[in-house]
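[1] pasting a predicted model and its sequence here:
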Number of protein chains: 2
Amino acid sequence: MSLPRIAVDAMGGDDGVQVMVAGAALALSRNPALNFLMVGDEREVAAAIARHPGLAGRCDVRHAPDVVAGDERPTQALRRARTTSMGLAIDAVKQGEAGAAVSAGNTGALMAMAKLSLRMLPGIDRPALAALLPTLGDHDLVMLDLGANTACDARNLVQFAIMGAAYARIVNGLASPRVRLLNIGSEETKGTDDLRDAAAMLKQAGVALEFSFDGFTEADKISRGDVDVVVTDGFSGNIALKAMEGAARFVADLLRRSFSSSLRSKFGFLISRPATELLRDHLDPNNHNGALFVGLNGVVVKSHGGATALGVAHAIEITARLLEENLTERIAADLANVGIETIQQTARPTPRSADQAAPEHGS
Amino acid sequence: MSLPRIAVDAMGGDDGVQVMVAGAALALSRNPALNFLMVGDEREVAAAIARHPGLAGRCDVRHAPDVVAGDERPTQALRRARTTSMGLAIDAVKQGEAGAAVSAGNTGALMAMAKLSLRMLPGIDRPALAALLPTLGDHDLVMLDLGANTACDARNLVQFAIMGAAYARIVNGLASPRVRLLNIGSEETKGTDDLRDAAAMLKQAGVALEFSFDGFTEADKISRGDVDVVVTDGFSGNIALKAMEGAARFVADLLRRSFSSSLRSKFGFLISRPATELLRDHLDPNNHNGALFVGLNGVVVKSHGGATALGVAHAIEITARLLEENLTERIAADLANVGIETIQQTARPTPRSADQAAPEHGS
């Protein structure tokens, strides 16, 4: 059985066409049902594909003369939607020539293009980047937004919570996911006005949304397994995600150092290598690469700009799983079940009391 | 030789008086030059002190009838500066009865009280919470703001950079610290308007500030040892710091699990215990506890609300070191050297070009 075709922006990411094509080849070697539409500079893409026997037969190439730059403003990139590899990969989804698009390019540009081309699900104003993160519990957690929206208001945060809960219900089979807003303290008075407003709206909506809103969480408590959906703006989400990645790598580096600090430790390391390799595998960000733009009317997955071929393969595998499980259709059905009216009504700020409007100096 | 007295808000923090007093006793056992002014409920404090022989002789008690609550708004807490343990601990610094104050209470209230009572250093508008974080390089990095200011404009960020550089010059003996702004990408177009404005101001100021401004850094790259000062707003800084703490704990938990996954791993763990204990020691947030409010005309140190006695002792030891090294005076001298005019001029936004003012949809 063949899966729907996956359009790959072959030119995006720090290492460009070599890594994107190698990632596709690796994913194909693991799952022969995959097939691709590689979008990018025809000659470069063809040359890269030629290096991976077997890939050519499962891969069409579409020429795109331009590339969206990493530092390009979304508004600028939008004007070049018809000539860039990113724009044409998304267009293939719109035209039904591909079931999904994967890109490792400029996040802001990707979101702007996807939003304009594919449009939003009913009731949703903006898409959010959502990913599954490992926890100490028995399933991953859904975290969003991880970098699509630099600034978010209370209404956006409420919609992210609703979409994140739908995602968690589907991928983790949860009846009523536990949802929290990321904040710098767990007390109700902490954080920004938008966070406090969003919390008030979510609390008021109660069980109508088919999830339990458990208030705020701090960034050090999200991996413990007692929260299923963590909601935040794209700036904080990106900072939190990268800080966690950096810390995990830092610990791994320290571990390597301390294990090589003495002969005895080296010996201990050799003996316990299966354990430490399990850990390394678990912590490698490439094994968690691939974030979905939820809220879009179509599947667009963002691969980390610095991902290796292994990481790209993982992002493609996530994309395939989202297609197999009809995730977009199921999120749309889930949101329709909650009701557009409920979503819109929940995401409507209640007027603040005089005390709440008092200036806040800190946290 | 006796050090200047340290005023301790004995009632702040999640575990209150027992932990604060135990932390002071532990710090004293390591450094007999310490002496304290314990501020809090007279009877509770006296009872706690009685449990630690030797502490009573190095410790005066000042009664405070009230406590600032963890979820209290700063504006509310300010009205009770004369009756709360936090307010009276800061007042002792103002009156010269103590050289510094340590509190594990509400960060926003602590900042508001300290700012009002002790005032700012010339040229500085707001204090920032600064801490030293471990790196893979040969010295710690200075990171600020870690939670004092929920929202910061470009002008605040520039001042934090100047203060952070002064801190790094002093504690790490660096002639020209490498300073970066925390952002969600390293390209100039990324992030918020305030971040881009602050970057433009710092770039323009160039060498006049006696540090090198190296642009933006992402949160996964700060511990590598190639940046000396990381500047951010208090919301993102707090998120980043806690995300790193949480990830480190997560890795340690995974490590424990994988080491106990088989008899062979258990054996390897036993042999390499010195290495893993070194690591645990290095990663325990209690061993990095204690952040300074830089920019204040006096030393006020924030201890983490959830710190153990070990963590409180560490915060007290940092405070003692700041006193020994006359850090406030030296930061003031360093800022005077840079020149109030230079600080104020640097922190003055240049008008944006039409293109820069274009709406930004993402990152």
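    Arrived safely, thanks for sending. Numbers count the residues shown, from 1 in each chain, chains lettered A, B, ... in the order given.
[2] what's residue A:116 in contact with, if anything?
    A:78, A:81 (Cβ atoms under 8 Å, 6 or more residues apart in numbering or on different chains). No exception for glycine: its C-beta is placed from N, CA and C like everyone else's.
[3] how about the strands in chain A?
    Assigned by DSSP state E, chain A shows strands spanning A:6-9, A:36-40, A:59-63, A:100-103, A:128-133, A:141-144, A:178-182, A:212-217, A:229-231, A:291-294, A:299-302.
[4] and those strands: which comes nearest chain B?
    Checking those against chain B by Cβ to the nearest Cβ gives strand A:178-182 as the closest, at 6.8 Å.
[5] who does the closest one pair up with?
    For strand A:178-182, the paired strands and their directions (DSSP bridges) are strand A:212-217 (parallel), strand A:229-231 (parallel).
[6] hmm, back to that, will you turn the strands of chain A into JSON lines that also has mean neighbour count and mean pLDDT?
    Shown next, in JSON lines, are the strands of chain A (neighbours: other Cβ atoms under 10 Å in any protein chain shown; pLDDT from 0 to 100):
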{"stretch": "strand A:6-9", "mean neighbour count": "30", "mean pLDDT": "98"}
{"stretch": "strand A:36-40", "mean neighbour count": "27", "mean pLDDT": "98"}
{"stretch": "strand A:59-63", "mean neighbour count": "18", "mean pLDDT": "97"}
{"stretch": "strand A:100-103", "mean neighbour count": "29", "mean pLDDT": "98"}
{"stretch": "strand A:128-133", "mean neighbour count": "24", "mean pLDDT": "93"}
{"stretch": "strand A:141-144", "mean neighbour count": "28", "mean pLDDT": "96"}
{"stretch": "strand A:178-182", "mean neighbour count": "24", "mean pLDDT": "97"}
{"stretch": "strand A:212-217", "mean neighbour count": "19", "mean pLDDT": "95"}
{"stretch": "strand A:229-231", "mean neighbour count": "29", "mean pLDDT": "98"}
{"stretch": "strand A:291-294", "mean neighbour count": "28", "mean pLDDT": "94"}
{"stretch": "strand A:299-302", "mean neighbour count": "27", "mean pLDDT": "96"}
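[7] redo these as TSV? Include distance to residue B:169.
    TSV is the format used below for the strands of chain A (distance: least, Cβ to Cβ, whole Å):
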stretch	distance to residue B:169
strand A:6-9	45
strand A:36-40	48
strand A:59-63	54
strand A:100-103	43
strand A:128-133	38
strand A:141-144	38
strand A:178-182	34
strand A:212-217	37
strand A:229-231	38
strand A:291-294	40
strand A:299-302	40
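[8] hmm, back to that, so can I have JSON lines of the strands paired with strand A:178-182 showing distance to residue B:300?
    As requested, the strands paired with strand A:178-182 are arranged in JSON lines below (distance: least, Cβ to Cβ, whole Å):
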{"stretch": "strand A:212-217", "distance to residue B:300": "26"}
{"stretch": "strand A:229-231", "distance to residue B:300": "32"}
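[9] what's the closest of those strands to residue B:192?
    Comparing those against residue B:192 with Cβ to Cβ, the closest turns out to be strand A:229-231 (19.5 Å).
[10] tell me what the spatially most central residue of chain A is bridged to.
    When Cα atoms, centre = their mean is applied to chain A, the residue found nearest the centroid is residue A:291 (2.1 Å). Counting by DSSP bridges, residue A:291 is bridged to residue A:302.
[11] now do the helices in the stretch 101-250 of chain A.
    Assigned by DSSP state H, counting those that start in this stretch, the helices in the stretch 101-250 of chain A fall at A:107-118, A:154-171, A:193-205, A:234-259.
[12] make JSON lines out of those helices and add mean pLDDT.
    Shown next, in JSON lines, are these (pLDDT from 0 to 100):
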{"stretch": "helix A:107-118", "mean pLDDT": "95"}
{"stretch": "helix A:154-171", "mean pLDDT": "91"}
{"stretch": "helix A:193-205", "mean pLDDT": "90"}
{"stretch": "helix A:234-259", "mean pLDDT": "86"}
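[13] of those, which is nearest residue A:144?
    Across the helices of the stretch 101-250 of chain A, residue A:144 has its closest neighbour in helix A:154-171 (5.1 Å, Cβ to Cβ).
[14] so which elements touch that closest one?
    Secondary-structure packing of helix A:154-171 (3 or more Cβ pairs under 8 Å, 6 or more residues apart in numbering or on different chains; DSSP states H and E): strand A:128-133, strand A:141-144, strand A:178-182, helix A:193-205, strand A:229-231, strand A:291-294, helix A:327-338, helix A:340-346.
[15] reformat the ones you listed as CSV; add distance to residue A:106.
    Formatted as CSV, the helices and strands packed on helix A:154-171 follow (distance: least, Cβ to Cβ, whole Å):
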stretch, distance to residue A:106
strand A:128-133, 13
strand A:141-144, 19
strand A:178-182, 24
helix A:193-205, 25
strand A:229-231, 24
strand A:291-294, 13
helix A:327-338, 23
helix A:340-346, 29
